[in-house]
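Participant: Return a 3D structure for these sequence lines:
(2 chains)
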Number of protein chains: 2
Amino acid sequence: MVDPRLFGEIDPPQRLLMGPGPINAHPRVLRAMSADLLGQFDPEMTAYMNQVMALYRPVFGTENHWTMLIDGTARAGIEAALVSLVAPGDTVLVVNFGRFGLLLTEILARIGAVIERVDAPWGEVVPMAAIAQAIERTGPKLVATVHGDTSTTMAQPLEGLGALCRAAGALSYVDATATIGGMEIATDRWGIDVVTCGLQKCLGGPSGSAPITISEAAAAHIFARRHVEQGIRRADISDGAGLRIGSNYFDLAMIMDYWSDKRLNHHTEATSMLYAARECARLVLEEGLETRFARHAAAGRAMTAGLRAMGLNVFGDDAHRMTNVTGVYIPDAVDGERVRTAMREHFEIEIGTAFGPLQGRIWRIGAMGYNAMKHKVLLTLGALEACLVAEGFVLPVGEAVPAALAAWHAW
Amino acid sequence: MVDPRLFGEIDPPQRLLMGPGPINAHPRVLRAMSADLLGQFDPEMTAYMNQVMALYRPVFGTENHWTMLIDGTARAGIEAALVSLVAPGDTVLVVNFGRFGLLLTEILARIGAVIERVDAPWGEVVPMAAIAQAIERTGPKLVATVHGDTSTTMAQPLEGLGALCRAAGALSYVDATATIGGMEIATDRWGIDVVTCGLQKCLGGPSGSAPITISEAAAAHIFARRHVEQGIRRADISDGAGLRIGSNYFDLAMIMDYWSDKRLNHHTEATSMLYAARECARLVLEEGLETRFARHAAAGRAMTAGLRAMGLNVFGDDAHRMTNVTGVYIPDAVDGERVRTAMREHFEIEIGTAFGPLQGRIWRIGAMGYNAMKHKVLLTLGALEACLVAEGFVLPVGEAVPAALAAWHAW
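Facilitator: Numbering: from 1, shown residues only, chains lettered A, B, ... in the order given. Okay, the predicted model is just below:
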C-alpha cells in the first residue's frame, strides 16, 4: 500500500499562469472555498443558491430567471445545454472558427443531431451575413457557437444573432467560457437563449463549476422534456410530453427543478465550488463590468504592443481578437517548447502552446481575470524577451516593456 | 443590477451535519482547496494527478492502474461509468434495493439499455442467490448495483459478485459513494470492474469530484469505443472500432487518455477539487483503513444503541445496515419536520429526511467521515432527546447517551 507520507501537504509552486487558462485564482475565491459545508436543503444553502442566481444575471447580461450552476467544468455546461436543447435528428447549425466550435460538433454528433456548419479559417470569424445564409440554407432548430475561441484567440461578433435565429424559429446557444468577465457578454441584447461558461478564465476562479443562463423560451422547450426520477416523484411535478433528455446528470429540467422553489433532489450541489462561483461574481460586480472589460482591453493592447515591439508577429485578424489571450508566431529557428520550458523554469511563468493546425506554430499568452494586470503583462514580456535572446533570436532589446506600458495607458 | 455588497462574504453557520451527506468536510480538506492553481499540463500538476491515482488505489481496495477522478458530483461518476460501459441495446441487470438502485435504471434508460432488475424491498438487500439466478435468467452484459444505499441505510453484500459476473461473461459496476472510506470497498477481492464514489460522505470532503477505478477488462472494453476529437487528433492515438460513447464529457476513454502519459486534452481538470480529493485520501490512509472502518462501526453502533435506548425503532434489516447512516422511525404523533427544524434552530444540528416510500416515516441520521466521532454522536442523541421531549413524546429520559457511550466502547 502507498505510504501517504510520501505525498506531502499540497504545495504547488507559486507560478504565474499566463496561458489561455486556467489562470491563478483570485485569493478571495480560494479563501471562499475554505468555508465549511451546509446541508443541501438548509435554508442558508438555498439562500446562497438564490444569491448565485442573482449575481450571475448581470455577469451574463441577462434578466433570465434560470441563471445557475452546472456541477462540472466548462465542458459540462456545454454538454448540459446541448443535450437538453437538442433531440436526436434535430438539425443544428454550428458557427465554427476553431477547436471549440469543433467541440460543439463532437458533442452534437454523440447526441445524434444532424450537424450543419458554417466555418471560418482559424484566425478569422464568421461574417453575420454568412451565418444568415447558412440559417436560411439549413433551417436549424438550434444555432450554436462560441464567443471567444482560445484555440485561435478570435472573438465572434454576436450582435444580431438572436434576432436572426428567432426570425428563423431557431433557438441559439453560445459558449462564453473564454471571455465572460473579460469581454462583454450581452445575453439579452444579443438575444441568445442559452449561454454557458466556466470560472477558470476571466472570472478568476478554479475550473469545476459551469455557470449557465437559460431564456424563458429555452426553458419551456426543456421542461417539455421533463422526466422526474423514480424514487423522488411528487404529485406537484409532472413529466413533459417531449422526448426524454439523453443524460440524467445534464438534464437541465431536473437541474432547474433543483434550483427552483421545488428543490427537487438531483445531484448533491458542489458546495465549495458554489462558494467559489459566488465569490467570482462578487469580485466582477464590485469592480464593475465596464472597468473590468477596460482592464482586460488594456492588458490585451499592452501584450500585443509588447510582442510587436519585440519584432514578433501576432496571429489572426486584428479586428476580432479576444482581449484576454494573444496568439503570437514562434519565430523560425526558435524551439517553442524550449522557450516555454525556460519561461517556466527560470521565471515561474507559464505561457500556452497551441492545438491542431497551430500546434508548434504559435504560443498563446493570456492576461485574464486576476492576471490581467499591468505588472504581470510587463513581467511576462520581459521574461519572454530574455528567453528569446538566450535562444539566439535577434530582437530590439528593451523595446517591449516600454511599448507595453505606453499601450496599457492609452485608454 | 444587483449590488454585490448586498451579499456579504461567505459565512455559513457552524452546523453539525449529521444527515446522510453531505457532512462537514475535514478542515485539512478545506484548507487544501485554498492552494493556488497550476496549468493543467505543468509537471507539478500532472505529478499531483499521478499521486491521486496512487492514493485512491488502496482507498478502493484495488491495484487497477485506471484510478482517477471524474469532474462532477458522485452522480457524474455513475453516469460516466454507465455511458462508457453500456451501448444502446445492451442488457444490464440492476441489483436494486433503494433510490440509488432506481437511479441506475434512470440513467440506463436514457442510454438506451435493456434494463433487467432484481429487487429487494426497501430496508433489505438482495440475496446473492437471487442475483445469480437473475444473471442466468437475463444474460446481461453488465451487472450494476449500489454498495450502500442511503435511501434505505442498507449495505448490499458484494463478496463473490465479480466471480458470478465473470462466469457469465458480464462486466460489473458498483456505486460506492455512500460507504467508501467508512466501510470496506474491496474492488479487487470482490472482482468488480468499475467502482465510483464521491467525496461528501465518509471521505469527509465536499461534493464535486467523483473518484473512479476501472479494471483492465473494463478499460479494454471502453478503449474499443475511443474517438479522439477533431482539433486535437494525433498520429499516436487511434480510434476504436466500437460504437462511439454517447457522451463527450463522460467518455472514459478520453478521460483515461487525459490521465495517461499521453495527456490528451479533454476538460480542464478541476484543480481545487483535485486538491480536495487528494487530501481526503491522505487522511484516510494516514488514519488507516481498518481503524477508520472500526471508527465508523463504533459510531453506527452507538447511534443505534442510543436511538433504541430512547424507545425508538430503528429501520431496516439489522444484519445489513450501513455503519455510517441509521434510519429511525418517526414516532406516531410526532411531526418529523418540526423536530428537524428544532434540531437545526436550537442545536445547529442537521439530521436527514427521507425519500419516496419512506418520506415522513423515517429520519436518517449519519455519522460519517469527520463526523463519525464519539462526541458528535452523543451531542446528536442528547439534542434529539430534548427535541422529542419538547414535542411531548414520552421516553426514558437520560438513557440514550450512556447507552451510546457503552456501545461506542464495545469494540
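Participant: mind listing what's buried in stretch A:117-128?
Facilitator: Using 16 or more other CB atoms under 10 Å in any protein chain shown as the burial criterion, the residues of stretch A:117-128 that qualify are A:117-120, A:122-126, A:128. For every residue, glycine as well, the C-beta is placed using N, CA and C.
Participant: Now the terminal residues of that stretch, how far apart.
Facilitator: Using CA to CA, to the nearest Å, the span of stretch A:117-128 from its first residue to its last is 14 Å.
Participant: what do you get for stretch A:85-100?
Facilitator: Between the opening and closing residues of stretch A:85-100 we find a distance of 18 Å, counting by CA to CA.
Participant: Please state the offset of that stretch from the chain centre?
Facilitator: For stretch A:85-100, the distance between its averaged C-alpha position and the chain's averaged C-alpha position is 17 Å (CA atoms, centre = their mean, to the nearest Å).
Participant: Give me the buried positions along that stretch.
Facilitator: Of the residues in stretch A:85-100, those buried by neighbour count under the rule 16+ other CB under 10 Å are A:85-87, A:90, A:92-100.
Participant: would you list every one of the helices in the stretch 151-300 of chain A?
Facilitator: A:161-167, A:187-190, A:216-223, A:252-259, A:271-287, A:289-309 (DSSP state H, counting those that start in this stretch).
Participant: Out of those helices, which one sits most buried?
Facilitator: helix A:271-287 (a mean of 25; mean count of other CB atoms under 10 Å in any protein chain shown).
Participant: my guess is A:Leu108 is in a helix, correct?
Facilitator: Yes. According to DSSP: H, G, I helix; E, B strand; the rest coil, the state of A:Leu108 is that of a helix.
Participant: okay, now it: neighbour count?
Facilitator: 22 (other CB atoms under 10 Å in any protein chain shown).
Participant: and if you look at A:Thr341?
Facilitator: Counted with other CB under 10 Å, the neighbours of A:Thr341 add up to 13.
Participant: tell me which element A:Glu9 falls in.
Facilitator: Element membership of A:Glu9 [criterion: DSSP states H and E] is none; it lies in no helix or strand.
Participant: In space, what's closest to it - neighbours in sequence excluded?
Facilitator: Ranked by CB to CB, 6 or more residues apart in numbering or on different chains and with sequence neighbours excluded, the top spatial neighbour of A:Glu9 is B:Ala32, at 7.8 Å.
Participant: A:Ala241 now?
Facilitator: Of all residues not flanking A:Ala241 in the chain, A:Ala224 sits nearest, at 6.3 Å (CB to CB, 6+ apart).
Participant: was I right about the one you found contacting A:Gly240?
Facilitator: Yes. The pair A:Ala224 and A:Gly240 passes the contact test of CB atoms under 8 Å, sitting 4.2 Å apart.
Participant: Tell me which of the two has more neighbours.
Facilitator: The residue with more neighbours, out of A:Ala224 and A:Gly240 and counting by other CB under 10 Å, is A:Gly240; that gives 17 against 13.
Participant: so how far is A:Ala87 from the more buried one?
Facilitator: Using CB to CB, to the nearest Å, one gets 12 Å for the distance from A:Gly240 to A:Ala87.
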